[in-house]
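# need a structure here:
(one chain, ligands or ions: 1)
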Amino acid sequence: MGTIYINGNWVEAVDGETIDVINPSNGEKFTTISRGRAEDVSQAVRAANQALEGRWGQMTATERGRLLCRLGQLILDNAEELAQIEARDTGKPLTVARNDVKVVARYFEFYGTAADKIHGQTVPYLDGFNVSILRVPHGVTAHIIPWNYPAQMLGRTIAPALAMGNAAVLKPSEDACLSSIRIAQLFEEAGFPAGSFNLVTGYGHEAGAALTAHPQINFATFTGSPEVGVLVQEATARNHVPCVLELGGKSPQIVFNDADLEKAAPQIVKAIVQNAGQTCSAGSRLLIQEDIYDKFIAKVARLFNEVRVGTPEMDLDCGPIVSAKQRKRVQGFIDDAVASGVPLLAQGTVAKDAPSGGYFVAPVLFGNVPRAHRLACNEVFGPVLSAMTFSDESDAIALANATEFGLAAGVWTENGSRQARLARKIIAGQIFINCYGAGGGVELPFGGMKKSGHGREKGFLALEEMSTTKTVAQYFN
Ligand code: NAD
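Numbering: from 1, shown residues only. As a prediction, this is how the structure comes out:
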């Protein structure tokens, strides 16, 4: 059976080709997925359009919401199996994968129960007019997601789209899409009408590019690298299709001399080690006020040295990097930094019995990183924390805003006025004060500024993004 799901059917790619799936914990192939391309994408888009004309398009918001909630429950009923699939495919520790699956279920519950609570507006207008603003779906929505939190990303992007009555086509990452395939089976079990949700597995430059350039899509969301974000924006622009881009980050964690250092240190380490640093909103820059630098960095270094890396079953602090290609990229950053003399202050350890073919990288803490160094400016997307100093509040703000990104930031200070000032002055889509919730909960709108992208997912704002409006002026005199 193929891994492409179109119009309620599981099919092979039209030309029958497949892609090998590699286990990042040992480097071995363990299954294959179908290699969808332009023709497969066209069929999926056609099925989505037909679903809008058929039963799916006629459902009430309450009925759609009920289906989403049923799917949320099915995800919970199959949580352990999904967690095992996600852990093997991505390498993440089982405890983390189990939590990810709960979050996916929450997305379907949150948007399922919200589906019939998004209402239009009426406008007081000229005498003799009824004016209403209807909130309507875009139509066919295209969704391209990365490999770092594949199951969560599916829930984050698909649940609000379906809640608003769109019909969706998903292109998950070729590096981790097995949980998407299993969840697609649950869509079927939940009773979603054929064509309301379609899945095309394949490479980004083939299936992904074909989907975003397809003239019959009406909206696209993309989560991934800034470079591919540009390609997606170019492709959708040719058809004047709106798109939401969730791109990378180089998020600062700013620690002032009045912060609760005991509380801050473990959360700062977790914010970069979590998911082996492969989190777009990872706190990857540590900005420390210079008069507490020595004291605080020693604390962080101690915790960093204790970090342990292993397979999903070992269930340690983090797992391997997702692929050989990504591992090479991350290791390249570390080697370059060491070669250019940036002090390597601490490093975690890879478990002795971890398979030698796995893509493991021991997390690294670099100190006194020069402000213009690539480690201070570029996204590594691995477990590498770059520490720097700042002198005062205005220097902290300047340094926080000194990259091309603007996704998230953490501020550690007990001074309430300073908290408020920084929340306003730091350019980022999410600001955490005395905490760091990489991405935060399902309820919290998420997205970037600057080269971290535009548009918002999560929370109620996602429902606005995934729909548009129609103004109806009715003259009755
Ligand atoms: P990527 O951009 O290479 O791939 C992301 C997805 O895009 C994959 O499904 C891929 O197949 C597809 N793709 C690749 N080329 C394409 C093309 N030409 N047209 C259409 N689709 C194409 O990114 P990645 O390596 O999978 O993920 C890592 C990057 O994603 C990091 O930069 C990270 O910061 C970012 N990311 C951002 C968020 C966020 O919410 N802001 C979340 C996770 C990851």
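
# Check whether Gly410 sits in a helix, strand or coil.
strand (DSSP: H, G, I helix; E, B strand; the rest coil).

# Okay, and the beta partners of it?
Counting by DSSP bridges, Gly410 is bridged to Gln253, Phe432.

# for it, what are its contacts?
Contacts of Gly410 were listed using Cβ atoms under 8 Å, 6 or more residues apart in numbering, and they are 251-254, 267-268, 271, 283, 431-433, 435-436. In short, each C-beta sits where N, CA and C put it, glycine included.

# Distance check, it against Leu463.
Note on Gly410: its distance to Leu463, by Cβ to Cβ, to the nearest Å, is 28 Å.

# What is the burial count for whatever residue of the stretch 101-250 of the chain ends up closest to the ligand?
Closest approach between the stretch 101-250 of the chain and the ligand, counting by Cβ to the nearest ligand atom: Gly204, at 2.0 Å. Residues near Gly204, counting by other Cβ atoms under 10 Å, number 21.

# One more: Gly195?
Neighbour count of Gly195, defined by other Cβ under 10 Å: 28.

# Which secondary structure state does it sit in?
Per three-state DSSP, Gly195 ends up coil.

# So it versus Gly120, what's the distance?
Gly195 sits 26 Å away from Gly120 when distances are taken as Cβ to Cβ.

# still on that earlier bit, the nearest residue to the residue of the stretch 101-250 of the chain closest to the ligand once chain neighbours are set aside and His205: what is the separation?
The shortest distance from Gly204 to any non-neighbouring residue, by Cβ to Cβ, 6 or more residues apart in numbering, is to Val228 (6.5 Å). Using Cβ to Cβ, we find Val228 at a distance of 9 Å from His205.

# Neighbour count for these two, which is higher?
Neighbours were counted for Val228 and for His205 using other Cβ under 10 Å; Val228 has more, 20 against 12.

# what helix or strand is that one on?
Taking DSSP states H and E as the definition, one finds Val228 inside helix 226-238.

# Which residues of the stretch 201-350 of the chain lie near the ligand?
With Cβ under 6 Å from any ligand atom as the criterion, the stretch 201-350 of the chain comes near the ligand at residues 203-205, 208-209, 212, 223-225, 228, 231-232, 246-249, 280.

# List only those of these flagged as buried.
203-204, 208-209, 212, 223-225, 228, 231-232, 246-249, 280 (16 or more other Cβ atoms under 10 Å).

# do the lengthiest helix in the chain and the ligand meet?
Using DSSP state H to define each element, the chain has its longest helix at helix 94-114. No: applying Cβ under 6 Å from any ligand atom, one finds helix 94-114 separated from the ligand by no less than 12.7 Å.

# and whichever helix or strand comes after that helix, what's its mean pLDDT?
Next along the chain after helix 94-114, taking DSSP H and E as the criterion, comes strand 121-123. What strand 121-123 shows for mean pLDDT is 96.

# Might you calculate how far strand 121-123 sits from the centre of the chain?
Computed by Cα atoms, centre = their mean, to the nearest Å, the chain-centroid distance of strand 121-123 equals 35 Å.

# Look up how far the ligand lies from Leu52.
Distance from Leu52 to the ligand, counting by Cβ to the nearest ligand atom, to the nearest Å: 23 Å.

# So that residue sits against Thr141, correct?
No: the criterion here is Cβ atoms under 8 Å, and Leu52 misses it with Thr141 at 10.6 Å.

# Common neighbours of those two, please.
Common neighbours of Leu52 and Thr141 (criterion: Cβ under 8 Å, 6+ apart): Asn166, Ala167.

# between those two, which one's more packed in?
Each of Leu52 and Thr141 has its neighbours counted (other Cβ under 10 Å); Thr141 has more, 28 against 18.

# Confirm that one sits in a strand?
Yes: judged by three-state DSSP, Thr141 forms part of a strand.

# what distance separates the start and the end of stretch 159-173?
Distance between the two ends of stretch 159-173: 18 Å, counting by Cα to Cα, to the nearest Å.

# Give the other helices and strands that whichever strand or helix holds Thr62 contacts.
According to DSSP H and E, Thr62 maps onto helix 61-77. Judged by 3 or more Cβ pairs under 8 Å, 6 or more residues apart in numbering; DSSP states H and E, the packing partners of helix 61-77 are helix 94-114, helix 150-163, helix 178-190.

# can you rerun that using 10 Å?
The elements that helix 61-77 packs onto, with contact taken as 3 or more Cβ pairs under 10 Å, 6 or more residues apart in numbering; DSSP states H and E, are helix 55-58, helix 79-90, helix 94-114, helix 150-163, helix 178-190.

# how is this protein carved up into domains?
4-247+453-475, 252-441 (automatic domain parsing).

# could those go into TSV alongside distance to Gly447?
As requested, the domains of the chain are exported to TSV (distance: least, Cβ to Cβ, whole Å):
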stretch	distance to Gly447
domain 4-247+453-475	4
domain 252-441	5
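
# follow-up on the earlier one: of all the residues in the longest helix of the chain, which ones are buried?
Buried residues in helix 94-114, counted by 16+ other Cβ under 10 Å: 94, 96-98, 100-101, 103-112, 114.

# Stretch 228-239 too?
Applying a neighbour-count criterion of 16+ other Cβ under 10 Å, one finds Val228, Gly229, Leu231, Val232, Gln233, Ala235, Thr236 buried in stretch 228-239.

# residues contacting the first one?
For Val228, the residues meeting the contact criterion (Cβ atoms under 10 Å, 6 or more residues apart in numbering) are Ile144, Pro146, Gly204, His205, Gly208, Ala209, Thr212, Phe222, Leu245, Leu247.

# From those, which land in helices?
Using DSSP H, those in helices are Ala209, Thr212.

# In strands, which of the contacts of Val228 fall?
Of those, the ones assigned to strands by DSSP state E are Ile144, Phe222, Leu245.

# gap between the closest residue to the last one other than its chain neighbours and the ligand?
With sequence-adjacent residues excluded and distances taken as Cβ to Cβ, 6+ apart, Leu245 is closest to Gly453, at 3.7 Å. The span separating Gly453 from the ligand equals 6 Å under the rule Cβ to the nearest ligand atom.

# Do the host helix or strand of Ala376 and the ligand come into contact?
Using DSSP H and E, the element containing Ala376 is helix 374-377. No: taking Cβ under 6 Å from any ligand atom as the criterion, helix 374-377 and the ligand are apart, separated by no less than 13.8 Å.

# now the strands for the stretch 301-450 of the chain?
With DSSP state E, counting those that start in this stretch as the criterion, the stretch 301-450 of the chain has strands at 308-309, 344-347, 349-350, 364-366, 384-390, 408-412, 430-433.

# Distance from the last one to the middle of the chain?
Averaging C-alpha coordinates over strand 430-433 and over its chain gives two centres that are 17 Å apart (Cα atoms, centre = their mean).

# same thing with the longest one?
Remark: strand 384-390 is offset 24 Å from the chain centroid, using Cα atoms, centre = their mean.
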